[in-house]
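S.K.: The sequence isn't on hand, but the structure is:
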Ligand SMILES: [Zn+2]
C-alpha cells in the first residue's frame with residue numbers, strides 16, 4: 001500500500017511511480033523534503049520504504065545525509081576527477097561527495113529487529129532522522145526486540161548511545177559480531193589505530209564493552225532466529241553482513257560491503273579510505289556481489305540512499321543496483 005495520508009503529493013509523475021510499485025513509501029511535500037530528508041541519494045525525500053521477503057516485512061529507514069568536500073585519497077586508487085565523473089554518470093551533482101545512511105528493520109513474526117543504529121542525533125542537522133522516520137513507518141523505536149550490528153564505525157553504532165554513554169535502547173538486546181567486538185575491545189588496539197580511529201575504540205571500551213545488553217554472535221551463527229551472520233571482512237576486521245530468511249525468501253543486509261553506488265558498487269576495485277584493509281574489502285565485495293547477482297538475492301546497503309534495497313546486476317566491470325519495488 002502507498003501511504004499518502006494527508007500529505008501532499010509532489011507531482012503526477014512521482015505519484016504514478018509510487019502507484020506503480022507494490023512496496024510502501026511516503027512522499028513529502030518538496031519544501032519539507034528539502035529541509036529534512038532529500039539528498040542526491042534520496043531525491044524524493046523518502047522517510048522509509050517497505051517491502052516483503054517471504055512473510056517478513058522489511059523496512060529501510062532513512063537516517064539522513066552528509067556531504068564531503070572532495071579530497072585526494074578518499075579513494076586511494078582513483079582521482080577526484082574520476083570520482084566526479086562517476087557521480088555525474090549516476091545523475092548526481094559532482095561538487096561534493098554525498099553520503100547517506102539507511103537502517104534496515106525487519107519484522108519477523110512478532111519480533112522487530114533493527115540492523116545498525118545510525119549516527120544518532122547531534123552529528124549534524126542533516127542526520128538523526130531515524131526515530132522520526134521509524135514512527136512515520138509505524139515502528140516504535142523503543143519497542144524493538146533486538147538490534148543487530150554490522151560493524152563498529154560511528155555511523156552504525158553511535159546511535160546506540162544515550163545520555164552519559166548509557167544504552168539509548170534500555171534493556172533491548174544488542175547483538176554484535178564476535179570478531180568485531182574482539183578487535184575493538186582489545187586494549188592494545190588503540191595505539192595500532194590511525195589517530196582518527198582511536199576515539200571509536202576508546203568509546204567502545206569505556207561504554208559499550210560494559211553494557212550488559214550486548215551479546216556476541218559468531219560467523220555463521222544466528223544473531224536472532226531467522227537472521228544469520230555472514231562474515232564480510234575488510235571494511236573493518238569483523239565487518240559482518242546478515243542473511244534474513246523467511247519461508248523461501250531471503251534478504252542480505254550488506255552493511256558497508258560497498259559505499260555509495262557511484263563509488264565502489266559501480267567501481268568495485270576502488271579502495272576507499274574507510275576500508276581498513278582495502279585489498280581484503282575488495283575481494284570480499286566482489287565475492288559477495290557475484291553471489292547475490294547469481295542468486296538474485298534482494299540486498300540492503302547502508303549507504304545506498306533510498307529506497308536502499310534492490311537486486312544487483314553485473315554491468316561491464318562493475319555492478320549496478322536495481323532498486324526494489
Ligand atoms: Zn558506514
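M.R.: Received the coordinates, thanks. Worth saying up front: this structure is predicted, and the values here are computed from it rather than measured.
S.K.: can you tell me if stretch 126-139 touches the ion.
M.R.: No - using C-beta under 5 Å from the ion, stretch 126-139 never reaches the ion; the gap is at least 11.7 Å. The way it works is simple: take the backbone N, C-alpha and C, and place the C-beta from them, glycine included.
S.K.: Going by neighbour count, list what's buried in that stretch.
M.R.: 126, 127, 128, 129, 130, 131, 133, 134, 136, 137, 139 (16 or more other C-beta atoms under 10 Å).
S.K.: Next, check those residues against the helices and list the overlap.
M.R.: Using DSSP state H, 130, 131, 133, 134, 136 are the members of those that sit in helices.
S.K.: Residue 229 contacts residue 239, doesn't it?
M.R.: No - using C-beta atoms under 8 Å, residue 229 makes no contact with residue 239, being 10.8 Å away.
S.K.: what residues do these two have in common as contacts?
M.R.: Common contacts of residue 229 and residue 239 (C-beta atoms under 8 Å, 6 or more residues apart in numbering): residue 177.
S.K.: For the stretch 101-250 of the chain, what lies in contact range of the ion?
M.R.: Residues of the stretch 101-250 of the chain lying near the ion (C-beta under 5 Å from the ion): residue 155.
S.K.: Name the nearest residue to the closest residue to the ion within the stretch 101-250 of the chain, ignoring sequence neighbours.
M.R.: Closest contact between the stretch 101-250 of the chain and the ion, by C-beta to the ion, is at residue 155 (4.5 Å). Leaving out its chain neighbours, the residue that sits closest to residue 155 by C-beta to C-beta, 6 or more residues apart in numbering is residue 119, at 5.0 Å.
S.K.: mind showing which ranges of the protein have poor pLDDT?
M.R.: 1-37 (pLDDT under 70).
S.K.: mind listing what the spatially most central residue of it touches?
M.R.: Against the mean C-alpha coordinate of the chain, by C-alpha atoms, centre = their mean, the closest residue is residue 302 at 1.6 Å. Neighbouring residues of residue 302 by C-beta under 8 Å, 6+ apart: 101, 102, 103, 116, 150, 155, 156, 254, 255, 256, 308.
S.K.: mind listing which of these are in helices?
M.R.: Those of the contacts of residue 302 lying in helices (DSSP H): 155, 156.
S.K.: Next, format the contacts of residue 302 as TSV and append neighbour count.
M.R.: As requested, the contacts of residue 302 are exported to TSV (neighbours: other C-beta atoms under 10 Å):
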residue	neighbour count
101	27
102	30
103	26
116	28
150	28
155	24
156	23
254	28
255	26
256	26
308	28
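S.K.: Let me know the secondary structure of the residue nearest to residue 155.
M.R.: Classification of residue 119 by DSSP: H, G, I helix; E, B strand; the rest coil places it in coil.
S.K.: Fine by me, we can end here.
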